[in-house]
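Novice: Need the 3D shape of this:
(one chain, ligands or ions: 1)
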Amino acid sequence: MKYIITYSPCFKRNALKELKSIDNQIRILRDFDENISLIETQLEQENFQKEIEKNNIIFIKHLAPVSIIGNITGNLDQDKQQLLQEILTNFTHVKANEKFSIQARICAGETKDKSPLNYSAKDIEVYVGTYLTEIGGVPTFSDKQIINEDDVNIFSIFINGNTYYIGNSISKYNLNFSCDEYRVSSHKGKREISRAENKLTEALAKYKIKLEDKGNYALDIGAAPGGWTNVLLQHGFFVDAVDPGDLNPILLENPKVRHYKCKIESMAQASEFSQKHKYDIIVDDMNVDPETTAEIMNILTPCLKENGLAIVTIKLPGNPEKGIQEATKKLSKYYNILKVNNLFHNRQEVTTLIQKKDLKTVNECDLEYTN
Ligand SMILES: C[S@@+](CC[C@H](N)C(=O)[O-])C[C@H]1O[C@@H](n2cnc3c(N)ncnc32)[C@H](O)[C@@H]1O
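Specialist: Residues are numbered from 1 along each chain as shown. Predicted coordinates:
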């Protein structure tokens, strides 16, 4: 079975290592670009998907099965009809009221030239999507907002040169609903303070965290210019934002935001914070090394409510596996490590979801991350 996989270019080696741990025989058939490859595994689609689900995949961002390979003509009318025909012939039809998504991508490849085609991936999506809608399917789009739905019937169409690659899977097996690593994602109409905002929004979608249910008070460390603070505000939080850098003036006007314009270390007498109130959630996007991130999060434990969640970016300028291991080992003294992923909006870093342990029962040797 073949798959198209995407990854951050800096973590390509790590992504392949993850795949090899599932199937030692796996091999790359082609690199389409610095972050997209066609791979082949000896495992059947179902088995491979089960293994992917079981393993703690960190570095592969998106995975799309390929079961049909053919050639396009370059003529939109002919190509869109042929691609639709392939889908109708080879896959079970979309059922009435079933959610589906057409994820077409055209990749010009290594030359970085513009695609030579005089049509876009959108043209294919609209044509095939309209047909499937007319027969009763419910289209589900990821280009207007960041979503992560598990049960959408996905038809992946990837075009490179004059070759097309088509596959079908349920979205949870793609690892990430979004498959846009190879084109700039723009979430139209949304007012952003910084692009970093997408990282938190994606983590909330991916980990299915409903912030509204989590409480009122958030601590945002490494907050400037304020993208994450903005997301927290949108979910109704009062935010203590700590960063020596400037916050966007719009945020400073908001009475729910308090900006501590300093490094967290200079106020990390955790008791100082915790005397006021315990935070319902802590988010941390500081650009410091993995060990410092973990040490600071550990110092802040008393300020977080029992079983409270924290979303933490671990920056990985050096050896990624070592960085993750060192940070999670330290963190695991006070937190359960729930998730570690190089998300779609992460570059040379991973997002981690951690939860404060019940400290009465903390055992010094509890839970260590191993990969
Ligand atoms: C990637 S930016 C954060 C972007 C932010 N999450 C947003 O959405 O706009 C990293 C920030 O970490 C801050 N930082 C680095 N070390 C810090 C420390 N020790 N204490 C507080 N902030 C720190 C930097 O000043 C920088 O603004």
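Novice: ok, for residue 238, nearest residue in space, not its chain neighbours?
Specialist: Here the nearest residue to residue 238 in space, its sequence neighbours aside, is residue 256; by Cβ to Cβ, 6 or more residues apart in numbering that works out to 4.8 Å. The way it works is simple: take the backbone N, C-alpha and C, and place the C-beta from them, glycine included.
Novice: now do residue 260
Specialist: residue 242 is the one closest to residue 260 (Cβ to Cβ, 6+ apart), at 4.5 Å.
Novice: what are the bridge partners for that neighbour, then?
Specialist: Beta-bridge partners recorded for residue 242 (DSSP bridges): residue 221, residue 260.
Novice: what about it, how many neighbours?
Specialist: Under the neighbour criterion other Cβ atoms under 10 Å, residue 242 is assigned a count of 25.
Novice: quick one: it and residue 258 touch, right?
Specialist: No. Counting by Cβ atoms under 8 Å, residue 242 sits too far from residue 258 to count as a contact (9.3 Å).
Novice: Please enumerate the shared neighbours of these two.
Specialist: Overlap between the neighbourhoods of residue 242 and residue 258 is empty, taking contacts as Cβ atoms under 8 Å, 6 or more residues apart in numbering.
Novice: one step back: now the residue nearest to residue 260: how far from residue 221?
Specialist: Going from residue 242 to residue 221 by Cβ to Cβ, to the nearest Å gives 5 Å.
Novice: okay, and the common contacts of those two?
Specialist: Joint contacts of residue 242 and residue 221 (Cβ under 8 Å, 6+ apart) are residue 264.
Novice: Write out the residues of the stretch 201-350 of the chain neighbouring the ligand.
Specialist: Applying the criterion Cβ under 6 Å from any ligand atom, the portion of the stretch 201-350 of the chain that neighbours the ligand consists of 221-228, 242-245, 263-265, 285-288.
Novice: So whichever residue of the stretch 1-150 of the chain sits closest to the ligand: helix, strand or coil?
Specialist: Distance from the ligand to each residue of the stretch 1-150 of the chain (Cβ to the nearest ligand atom) is smallest for residue 146, at 14.3 Å. Per DSSP: H, G, I helix; E, B strand; the rest coil, the local secondary structure of residue 146 is coil.
Novice: and stretch 146-164, how far apart are its ends?
Specialist: From the first residue to the last, stretch 146-164 extends over 26 Å; the measure is Cα to Cα, to the nearest Å.
Novice: quick one: buried residues of the helix or strand residue 155 falls within?
Specialist: Residue 155 belongs to strand 153-160 when elements are defined using DSSP states H and E. The neighbour-count criterion (16 or more other Cβ atoms under 10 Å) identifies 153-160 as the buried residues of strand 153-160.
Novice: Which residue ranges of the stretch 251-371 of the chain form strands?
Specialist: Secondary structure of the stretch 251-371 of the chain, counting by DSSP state E, counting those that start in this stretch: strands at 257-260, 279-284, 304-315, 335-341, 349-356.
Novice: So for residue 124, which of those strands sits nearest?
Specialist: Shortest separation from residue 124 across the strands of the stretch 251-371 of the chain is recorded for strand 335-341, at 29.0 Å, computed as Cβ to Cβ.
Novice: C-alpha coordinates for stretch 292-305, CSV please?
Specialist: Extracted in CSV, the C-alpha atoms of stretch 292-305 (Å, rounded to 0.1, in the frame of the first residue of the first chain):
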residue,chain,number,x,y,z
THR,A,292,14.2,25.3,30.7
THR,A,293,10.6,24.9,29.4
ALA,A,294,10.1,21.9,31.6
GLU,A,295,11.8,23.5,34.7
ILE,A,296,9.6,26.6,34.4
MET,A,297,6.4,24.5,34.0
ASN,A,298,7.4,22.5,37.0
ILE,A,299,7.9,25.6,39.1
LEU,A,300,4.5,26.8,38.1
THR,A,301,2.7,23.6,39.1
PRO,A,302,1.3,25.1,42.4
CYS,A,303,-0.5,27.8,40.3
LEU,A,304,-2.4,25.3,38.3
LYS,A,305,-5.6,23.7,39.5
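Novice: Now do the nearest residue to residue 176 once chain neighbours are set aside: how many residues are near it, please.
Specialist: Distance criterion Cβ to Cβ, 6+ apart; nearest residue to residue 176, sequence neighbours excluded, is residue 62 at 4.9 Å. Each residue near residue 62 was counted by other Cβ under 10 Å, and the total is 23.
Novice: quick check, residue 62 in a strand?
Specialist: Yes. Remark: residue 62 belongs to a strand, assigned using three-state DSSP.
Novice: Could you tell me which ranges of the stretch 151-300 of the chain sit under the pLDDT cut-off?
Specialist: 179-191, 268-276 (pLDDT under 70).
Novice: From residue 223, how far off is the residue in the stretch 51-200 of the chain that the ligand sits nearest to?
Specialist: Distance from the ligand to each residue of the stretch 51-200 of the chain (Cβ to the nearest ligand atom) is smallest for residue 196, at 3.3 Å. Counting by Cβ to Cβ, the gap between residue 196 and residue 223 amounts to 10 Å.
Novice: what about those two, which has more around it?
Specialist: Shown here are residue 196 and residue 223; by other Cβ under 10 Å, residue 223 has more neighbours (29 against 21).
Novice: And what about the more buried one, helix, strand or coil?
Specialist: When classified by three-state DSSP, residue 223 comes out as coil.
Novice: Please list all residues in contact with the residue lying closest to it once chain neighbours are set aside.
Specialist: For residue 223, ignoring the flanking residues on the chain, the nearest one in space by Cβ to Cβ, 6+ apart is residue 241 at 3.6 Å. Contact partners of residue 241, counting by Cβ under 8 Å, 6+ apart, are 220, 223-224, 226, 229, 247, 251, 257-260.
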